[in-house]
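>>> could you work out the structure for the sequence below:
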Amino acid sequence: MPFDFKLRIMFVVCALYQFTRLDDFTQFRAPLYKLMATLEVKGTILLASEGLNGTIAGTQVAIEKVVQFLRNDGRFNNLEIKFSQSKTLPFKRLKVKLKKEIVTLGIANIDPIAANGIYVAPKDWNALISEPGVVLIDTRNNYEYEIGSFKGAINPNTEAFREFPTYTKNNLEQYRTKKIAMFCTGGIRCEKSTAYLKSQGFETVYHLHGGILKYLASVDKSQSLWEGECFVFDDRVSLGHNLEQGKYDQCHACRYPITDKDKNHPNYEKGISCPRCYNLRSPSQVSRYRQRQYQIELAKARGEEHLGDNAAQIIKAKIKKKATQQY
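Model prediction:
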């Protein structure tokens, strides 16, 4: 496994997916979860009959063992994997979820294994998207686009990936005879979106192999056509070139990325609201957020975790101790 992180880095973050026939995905969950729990790996894995998708984090040894477990199964020999690093564990819980799709497009019979776009390696991506007439489309959600994208990319203004077929119907017909180049964070959304375009009769469709993460990891910043940062779905919030952690934080009310400027805004209240979501929550929701933030601050003052698997273990231990003291 091509790890080259320095020993000072405590945790490895592993984004991985593969479309593959996984008819027994419901039975596959238990042994996979057990292994990761034993190794104290955190993060989320989605399983469906079409394959596996997720991002997990743990020690280098733990991640190596999880990847090897998957490859030993025989159906995951072509895993698409991106490794990055974090000084702290960027997930609080471990989840292995059973789903209808490992990335939700909401359209039946779209099979990326049978037909999808033409893969373009990161080293060749600049040349493709610099060609005159190439239509460059960011398949990610609106808030992801806002903090960074490729120069000249079209923003579909979607709030969820399942909106992409409607966007296609309403906006892409004019580009049917053009070269269409598509990209997303790690590559998986483009597997589905390019397969969908192919099913709709679009012939010349490309997508960035390995997604933005592989591009940022392998293309020198001086040659890069990427502008801004790349949103990631963990506590690091965003990554830049060389997959270094970015400058964004996250509003824990709406989960959107926020800047230091946002945190200085009158409508920002830590854990309760930011300029984007202020006044969009009901009084009861705001009350719950305030109570949650209060408990977080109390736990922090005690040197404990309030959220996640470790917090749950602490609570169980306290309950057990209290019950023992009663007898």
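
>>> give me the low-pLDDT residue ranges for the stretch 151-300 of the chain?
Counting by pLDDT under 70, the stretch 151-300 of the chain contains no low-confidence range.

>>> residue boundaries of the helices in it?
Listed in chain order, the helices of the stretch 151-300 of the chain (DSSP state H, counting those that start in this stretch) span 164-171, 188-199, 211-218, 260-263, 283-301.

>>> now render those as JSON lines, adding mean neighbour count.
Heads up, the C-betas are built off the backbone N, CA and C, glycines and all. What follows is the helices of the stretch 151-300 of the chain, written out as JSON lines (neighbours: other Cβ atoms under 10 Å):
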{"stretch": "helix 164-171", "mean neighbour count": "15"}
{"stretch": "helix 188-199", "mean neighbour count": "24"}
{"stretch": "helix 211-218", "mean neighbour count": "22"}
{"stretch": "helix 260-263", "mean neighbour count": "12"}
{"stretch": "helix 283-301", "mean neighbour count": "13"}
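
>>> of those helices, give the one that comes closest to Lys123.
Proximity to Lys123, assessed across these by Cβ to Cβ, is greatest for helix 211-218 (7.0 Å).

>>> before we move on, the earlier item: how about the helices of the stretch 151-300 of the chain, which one is nearest Leu70?
Using Cβ to Cβ, the nearest of the helices of the stretch 151-300 of the chain to Leu70 is helix 188-199, at 15.5 Å.

>>> residues contacting that closest one, please?
17, 19, 53, 80, 101-103, 105, 107, 109-112, 114-117, 139-140, 161, 164-165, 168, 172, 180, 182-184, 205-208, 211 (Cβ atoms under 8 Å, 6 or more residues apart in numbering).

>>> list the contacts for Phe25?
By Cβ under 8 Å, 6+ apart, the neighbours of Phe25 are 47-49, 98.

>>> top of those by neighbour count?
In terms of neighbour count, Leu47 stands highest of those at 23 neighbours, by other Cβ atoms under 10 Å.

>>> just the contacts of Phe25: which are in strands?
Counting by DSSP state E, the contacts of Phe25 place 47-48, 98 in strands.

>>> circling back: farthest-separated two in the contacts of Phe25?
Ser49 and Leu98 (9.8 Å).

>>> a strand runs through Ala15, doesn't it?
Yes. Counting by DSSP: H, G, I helix; E, B strand; the rest coil, Ala15 is found in a strand.

>>> quick one: it from Ser84, how far?
8 Å (Cβ to Cβ, to the nearest Å).

>>> what sits in contact with each of those two?
Leu213.

>>> for Gly51, name its beta-bridge partners.
Listed beta-bridge partners, Gly51: Phe19, Ala48 (assigned using DSSP bridges).

>>> quick one, strands of the stretch 101-250 of the chain?
For the stretch 101-250 of the chain, strands defined by DSSP state E, counting those that start in this stretch occupy the ranges 118-120, 135-138, 148-150, 180-183, 205-208, 226-228, 230-231, 238-239, 249-250.

>>> dump stretch 152-170 to CSV, keeping only the CA atoms.
Taking Å, rounded to 0.1, in the frame of the first residue of the first chain, the C-alpha atoms of stretch 152-170 are listed here in CSV:
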residue,chain,number,x,y,z
GLY,A,152,-14.8,28.1,-16.0
ALA,A,153,-16.8,25.2,-14.6
ILE,A,154,-20.6,25.3,-14.7
ASN,A,155,-22.4,25.2,-11.4
PRO,A,156,-25.7,23.2,-11.7
ASN,A,157,-27.0,24.9,-8.5
THR,A,158,-28.2,21.6,-7.0
GLU,A,159,-28.6,21.0,-3.3
ALA,A,160,-28.5,17.2,-3.7
PHE,A,161,-27.1,14.8,-6.3
ARG,A,162,-30.5,13.4,-7.0
GLU,A,163,-31.4,16.8,-8.6
PHE,A,164,-28.9,16.2,-11.4
PRO,A,165,-31.2,14.3,-13.8
THR,A,166,-33.6,17.3,-13.7
TYR,A,167,-30.7,19.7,-14.3
THR,A,168,-29.7,17.6,-17.3
LYS,A,169,-33.2,17.6,-18.7
ASN,A,170,-33.6,21.4,-18.3
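
>>> all numbers from here: first residue = 334
Sure, I'll start numbering at 334, so the last one becomes stretch 485-503.

>>> list of residues touching that stretch?
Taking Cβ under 8 Å, 6+ apart as the rule, stretch 485-503 contacts 436-440, 462, 468-472, 474-475, 478, 482, 504, 516, 522, 525-526, 529-530, 533.
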